[in-house]
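**Student:** Sequence plus the predicted model coming up.
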Amino acid sequence: MINIISSKDNKNLKLIRQLNKKSFRADTGQFIAEGKKIVLEVFEYASDKLCYIVVSDTFSKKEPSVLETASKHCENIYIVPDNIFADLSDTNTPQGILAVLNMSDDVFTPTPCTRHIVVLDGISEPGNMGTVIRTAEALGFDGIYLMKGCTDIYSPKTVRSTMGSLLRMNFRTNCTLQDVEDLKNMGFSIIATTPGGNVCLEDFNVPEKLAVVIGNEAHGICDDLLSLADNRVKITMNGMAESLNAAVAAGIVMHWLKNC
């Protein structure tokens with residue numbers, strides 16, 4: 001059903017606005033996916049998780065076909081004035097469409113067929129998180145372990161940065177050292193990426209089953225996790241730069257490990 005809402009004090013809009021806060025997302029188990037591309041991805045890959053769709057008045061007039069498609073996937077569609085949509089949006093230049101979804105309750109558990117896992121330790125920047133998720137999916141990694149302290153994968157910026165990969169990737173969140181030890185016991189080689197690594201990436205003998213650890217943007221991988229690593233690898237850099245952006249480094253390492 002399509003509903004026209006003209007008041008910013010509408011109770012449903014108030015709830016949606018609150019979803020920009022991590023604590024409220026955790027309490028409700030819901031999150032926002034904003035932007036035309038990712039909402040179209042939601043229709044294809046996560047329509048069963050849809051709660052609401054909100055579109056601006058301008059978007060509804062410019063994109064009637066999207067609105068028609070939305071009505072086939074969601075029972076609760078709200079059309080609001082542009083200024084109210086802007087108030088809901090987390091972006092400076094809203095596209096005029098967002099979806100509210102229930103978070104997935106699936107927990108990634110490796111199987112005998114699992115070969116490649118990413119372990120993220122302390123990734124704090126939402127854009128980096130989203131890019132790593134997107135890259136991991138693109139390169140065919142089986143799943144992602146997120147250690148406690150990582151940024152929320154359901155923050156609006158992270159969701160946008162994944163460009164839909166969030167809906168398809170497998171996650172295990174709030175991981176501890178025990179989870180990584182369990183991977184070792186399952187036969188995974190734990191590979192820590194660090195500038196202080198003792199082997200260059202191009203010289204590394206890639207194991208069949210691996211879990212590659214990517215560390216915090218400023219501080220790298222924590223000491224306890226480093227101590228669990230079977231190998232410490234580094235990216236060869238010939239220029240003057242001392243380090244790389246976490247998402248860039250992750251992309252280089254994941255591509256090399258998957259293609260050797």
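**Tutor:** Structure received. Numbers count the residues shown, from 1 in each chain.

**Student:** which element is Lys8 on?
**Tutor:** If you go by DSSP states H and E, Lys8 is not part of any helix or strand.

**Student:** Regarding the closest residue to it other than its chain neighbours, what is its secondary structure?
**Tutor:** Among residues not flanking Lys8 along the chain, Ile84 sits closest, at 5.0 Å (C-beta to C-beta, 6 or more residues apart in numbering). For the C-beta atoms, the positions are set from N, CA and C on the backbone; glycine is no exception. Assigned with DSSP: H, G, I helix; E, B strand; the rest coil, Ile84 falls in the helix class.

**Student:** Let me see the contact set for Ile84.
**Tutor:** By C-beta atoms under 8 Å, 6 or more residues apart in numbering, the contact set of Ile84 is Ile5, Ser6, Lys8, Leu13.

**Student:** And for Phe43?
**Tutor:** Counted by C-beta under 8 Å, 6+ apart, Phe43 has contacts Thr69, Ala70, His73.

**Student:** hey, what's the closest residue to the second one other than its chain neighbours bridged with?
**Tutor:** By the measure of C-beta to C-beta, 6+ apart, the closest residue to Ala70 outside its immediate chain neighbours is Ile53, 5.0 Å from it. Going by DSSP bridges, Ile53 is paired in beta bridges with Ile77, Ala99.

**Student:** what about Ile53, how many neighbours?
**Tutor:** 26 (other C-beta atoms under 10 Å).

**Student:** Residue ranges of each domain in the protein, please.
**Tutor:** Listed domain ranges for the chain are 2-102, 116-259 (source: automatic domain parsing).

**Student:** what would those look like in a markdown table with distance to Pro110 and mean pLDDT?
**Tutor:** Formatted as a markdown table, those follow (distance: least, C-beta to C-beta, whole Å; pLDDT from 0 to 100):
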| stretch | distance to Pro110 | mean pLDDT |
| --- | --- | --- |
| domain 2-102 | 22 | 95 |
| domain 116-259 | 6 | 93 |
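
**Student:** Identify whichever of those lies nearest to Phe108.
**Tutor:** domain 116-259 (3.8 Å; C-beta to C-beta).

**Student:** Which members of the contacts of Ile84 are classed as buried?
**Tutor:** The neighbour-count criterion (16 or more other C-beta atoms under 10 Å) marks Leu13 among the contacts of Ile84 as buried.

**Student:** Show only the entries of the contacts of Ile84 found in helices.
**Tutor:** With helices taken from DSSP state H, the overlap with the contacts of Ile84 comprises Leu13.

**Student:** Switch the contacts of Ile84 over to JSON lines; also include distance to Ser104.
**Tutor:** Output for the contacts of Ile84, formatted as JSON lines (distance: C-beta to C-beta, whole Å):
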{"residue": "Ile5", "distance to Ser104": "28"}
{"residue": "Ser6", "distance to Ser104": "33"}
{"residue": "Lys8", "distance to Ser104": "30"}
{"residue": "Leu13", "distance to Ser104": "25"}
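
**Student:** quick one: Gln178 from Lys184, how far?
**Tutor:** If you measure Gln178 against Lys184 using C-beta to C-beta, to the nearest Å, the figure is 11 Å.

**Student:** Who has more neighbours out of the two?
**Tutor:** Lys184 (14 against 8).

**Student:** Any figure for the gap between that one and Ile252?
**Tutor:** 24 Å.

**Student:** Over to Glu41?
**Tutor:** 26 Å.

**Student:** returning to that earlier point: tabulate the domains of the chain in TSV, adding columns for distance to Phe108.
**Tutor:** Output for the domains of the chain, formatted as TSV (distance: least, C-beta to C-beta, whole Å):
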stretch	distance to Phe108
domain 2-102	16
domain 116-259	4
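
**Student:** Helices of the stretch 1-150 of the chain, residue ranges please.
**Tutor:** 11-18, 22-28, 36-45, 57-62, 64-73, 82-88, 126-138 (DSSP state H, counting those that start in this stretch).
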